[in-house]
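Chemist: I would like to see how this sequence folds:
(chains A, B and C)
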Amino acid sequence: MPELPEVEVTRLSFADTIAGAKVLSLRLGKALRWPLGCVPEQLIGRTVLAVRRRGKYLLIDLAPGLLLVHLGMSGSLRFARHLPPAGAHDHFEMVTTQGTLRLHDPRRFGAVVYADSEDAPNARKLLGKLGLEPLSADFDARQFHAGLQRRKAPIKQVLLAGDVVVGVGNIYASEALFMAGIRPTVRAASLSRPRVAKLHAAIREVLARAVAKGGSTLRDFSSTTGENGYFQLEAMVYGRAGQPCRVCGAAIKTLRQGQRSTFYCPACQKA
DNA sequence: AAAAGCCCCTGGATGC
DNA sequence: TGCATCCAGGGGCTTT
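Modeler: The predicted structure is shown next:
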């Protein structure tokens, strides 16, 4: 489910209300993608300093240490003073003096990992190869172009890989390529500088717009306060196979790239 | 080094 | 109603 916008909406929905809280207890359910990496009791009494984001990871700063949280495909967080009783798919819970943080994740592709610092080996392993942060000031078009120049794979798959630019998942890759007028199958390295500049702007625009709309709620995503997203209502191509392009009326097409569905307009994205 | 496949797991939609 | 099949927002790991 969650791409950068959903993770950022999640972050914004509890970063301020959890800051300053003290950890009272932790509870683990069924195994997530990776083990927590420490004895849960070890975290009791620590203070939550802040919640940051890197790509699709949430970084919950503790004093000391941090939790890396990934929502995988089906994860979502809740944070509230009082939550309903935990269900079968609630696999992580952290009770604090300011509320309870709970991870709901039916498919369990998500993870909560403790690291002593961002430089600890287990944190570096997850964060070390991540690409440029698209909504930050240092997402530079020249650097983006240089990164793409090294890649012969189709641009859609290079965007998804996350080592050139982070946070762009299956929905927003299709949407950004549509906005930039680029066919998802073109080799990344073959894109001219002006086209890369257009894609650079499109990625920023589509992600920022999606954050403003609360993300995309396709199935069950919501923020930690339970708010749904509405970006899916204005998707130009994602999930619209066979429907008319909102710009030119041509039928939206779909194809498989690396076991994932891609959507594009054959007329607006000619090459 | 980079690309392509394979998995991890559950549940909802679709088709027979 | 039951059962099989396919698909889903991700990404680390292994193999070419």
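
Chemist: How about the residues of chain A by DNA strand C?
Modeler: Residues of chain A lying close to DNA strand C (Cβ under 7 Å from any atom of the strand) are A:1-3, A:33, A:55-56, A:70, A:72-74, A:107, A:109, A:125-126, A:129, A:160, A:162, A:169-171, A:216-221, A:232, A:259-261. The way it works is simple: take the backbone N, C-alpha and C, and place the C-beta from them, glycine included.

Chemist: Need the buried ones from the residues you listed selected in ChimeraX.
Modeler: The ChimeraX selection below is limited to those of the residues of chain A next to DNA strand C classed as buried (16 or more other Cβ atoms under 10 Å):
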select /A:1,2,3,55,56,70,72,74,126,160,162,169,170,171,216,217,221,232
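
Chemist: give me the subset of the residues of chain A next to DNA strand C touching DNA strand B.
Modeler: Applying Cβ under 7 Å from any atom of the strand to the residues of chain A next to DNA strand C, one finds that A:33, A:74, A:107, A:109, A:259 fall near DNA strand B.

Chemist: Which residue ranges of chain A form strands?
Modeler: For chain A, the strands defined by DSSP state E cover A:23-28, A:47-54, A:57-63, A:66-70, A:76-80, A:90-96, A:99-104, A:111-115, A:253-257, A:260-264.

Chemist: Of the ones you listed, which is nearest A:L12?
Modeler: Nearest of the strands of chain A to A:L12, taken as Cβ to Cβ: strand A:47-54 at 8.9 Å.

Chemist: can I have that closest one written out in CSV, keeping just the CAs?
Modeler: C-alpha atoms of strand A:47-54 as CSV (Å, rounded to 0.1, in the frame of the first residue of the first chain):
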residue,chain,number,x,y,z
THR,A,47,11.7,9.0,25.4
VAL,A,48,10.3,9.5,21.9
LEU,A,49,12.1,12.5,20.5
ALA,A,50,10.8,12.8,17.0
VAL,A,51,9.5,11.0,14.0
ARG,A,52,11.3,11.3,10.7
ARG,A,53,11.1,9.7,7.3
ARG,A,54,13.6,8.4,4.9
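
Chemist: mind listing what's buried in it?
Modeler: Using 16+ other Cβ under 10 Å as the test for burial, strand A:47-54 gives A:48-49, A:51, A:53-54.

Chemist: now that strand: mean pLDDT?
Modeler: The pLDDT scores in strand A:47-54 average 98.

Chemist: Please list all residues in contact with A:P154.
Modeler: The contact partners of A:P154, taken as Cβ atoms under 8 Å, 6 or more residues apart in numbering, are A:184-188, A:257.

Chemist: Go through the residues you listed and give me the one with the most neighbours.
Modeler: Using other Cβ atoms under 10 Å as the neighbour test, the contacts of A:P154 are led by A:A188, with 23 neighbours.
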